[in-house]
Every structure is written in structure tokens, then in C-alpha cells.
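J.: based on what follows, work out the 3D shape:
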Amino acid sequence: MEAQARGLLETEPLQGRDEDAAASADFSRVLSEEEREELKAELVQLEEEITTLRQVLSAKERHLVEIRQKLGVSLMNELKQNFSRSWHDMQTTAAYRRTQETLSHAGQKATAAFSTVGTAISRRLGDMRSHSIGYSIRHSISMPAMRNSPTFKSFEGRIETTVTSFKDTGKPTVHT
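T.: As a prediction, the model looks like this:
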């Protein structure tokens, strides 16, 4: 009886389907010697077939590598091609195009706003220079005094209005 029990226990680990089959198998009846021999023969045949299939698969994989080498296709080239194909596929999606258009539009608005602010700053600095001929800003006025000057207050107000307008409408408003 102990020999029969050892015959049922294999040294190979069980696979997923094997575990399911073993869990649902009915071991309540004892196999006859003839049934055991048939099952052993079938087991040997299946193991031989699996070994043969593994050898065939390995040979085909080697052949695949040889063909790729002859064609100059390397793993890196394959990855590049797959990446390029995936990038192209992604760029043709509607979501990507909408996102690209939205970001492009936002970039144009931001550029226009910065240009407007830059122009206003240049204009105000030009005004300040014309009032203090021959002197730098540092020599003509102190920072606290400059902040309280009508020119600075006007400049500050226009920048705030432009920024608020841009936030509200997405379009900069230029005040001259």
C-alpha cells in the first residue's frame, strides 16, 4: 500500500490545471494494477511529447534569432519601431489632437499676455527715463518713494487689470 501511495506522489510540482484536477479527483476507489500501468505509460508518453515540443520551440526561437540577425533587426530596432508606431497611433487619436489644440491655444494666449506686459513695462520704463534725464532710477528716487509715485501706481493698476482680464476671458486687455 505504501508503494502505491509513493507512486501517486510525483516529484514534479503541480501546475494550475493539475491542482484543479487533483482537487476534484475521486481517490475513493483504488486503481487496479492494469489501470496503474496504463496511466504510467500515458504519463511517460505525455512527458516525452512535452520534452519534444520544448525542443521544437527552442529550435524555432534560435531560427528566429538567426533570421533577425540576417535582416539586421535587433531588439533595439524592434523597440524603436514599436515606440514609433505607438507614438504615431497615439498622435492620431482624437483626444491627443484636442489636447494639442488646447495647449497650443493656451500657449498663444500666454505669449500674447507676456508680450503685452513686456510692452507695458518697456513703455513705463521709457516714461521714467524721460523724466529723469541723466540719472538712473536709483539716483533719482528711492524704492518706497517710487512705489508711491503716480507712474508706478498707474503701471501697477494696468498690470493687475491685464492679469485679471486674462484670467477671466483668456484674452489680455491692453490699456495705453
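
J.: and the gap between residue 161 and residue 120?
T.: Remark: distance between residue 161 and residue 120 (Cβ to Cβ, to the nearest Å) = 10 Å. Where C-beta positions appear, they are placed from N, C-alpha and C, glycine not excepted.

J.: those two: who's more crowded?
T.: When residue 161 is set against residue 120 and neighbours are counted by other Cβ atoms under 10 Å, the residue ahead is residue 120, at 18 against 14.

J.: find the nearest non-adjacent residue to the more buried one, please.
T.: What sits nearest to residue 120 in space, not counting adjacent residues and going by Cβ to Cβ, 6 or more residues apart in numbering, is residue 158, at 5.9 Å.

J.: tell me how many other residues surround residue 109.
T.: Residue 109 has 15 neighbours, counted by other Cβ under 10 Å.

J.: same deal with residue 154?
T.: Residues within reach of residue 154, counting by other Cβ under 10 Å, total 13.

J.: which residue is the nearest non-sequential neighbour of it?
T.: Using Cβ to Cβ, 6+ apart and skipping the chain neighbours, the partner closest in space to residue 154 is residue 124 (8.0 Å).

J.: give me the element that neighbour is part of.
T.: Counting by DSSP states H and E, the secondary-structure element that holds residue 124 is helix 94-131.

J.: what comes up buried for that helix?
T.: In terms of neighbour count (16 or more other Cβ atoms under 10 Å), helix 94-131 has its buried residues at 113, 116, 117, 120, 124, 128.

J.: farthest-separated two in those?
T.: Taking Cβ to Cβ as the measure, the buried residues of helix 94-131 reach their widest spread between 113 and 128, a distance of 22.6 Å.

J.: run through the chain and note the low-pLDDT ranges.
T.: Counting by pLDDT under 70, the ranges of the chain that qualify are 1-28, 127-146, 170-176.

J.: so where do the strands sit in it?
T.: When assigned using DSSP state E, the chain turns out to have no strands.

J.: what segments of it are helices?
T.: In the chain, the helices defined using DSSP state H lie at 2-8, 16-24, 33-71, 75-91, 94-131, 137-140, 143-147, 150-169.

J.: only the buried residues of the last one, if you could.
T.: For helix 150-169, burial by neighbour count (16+ other Cβ under 10 Å) applies to 152, 155, 158, 159, 162, 165, 166.
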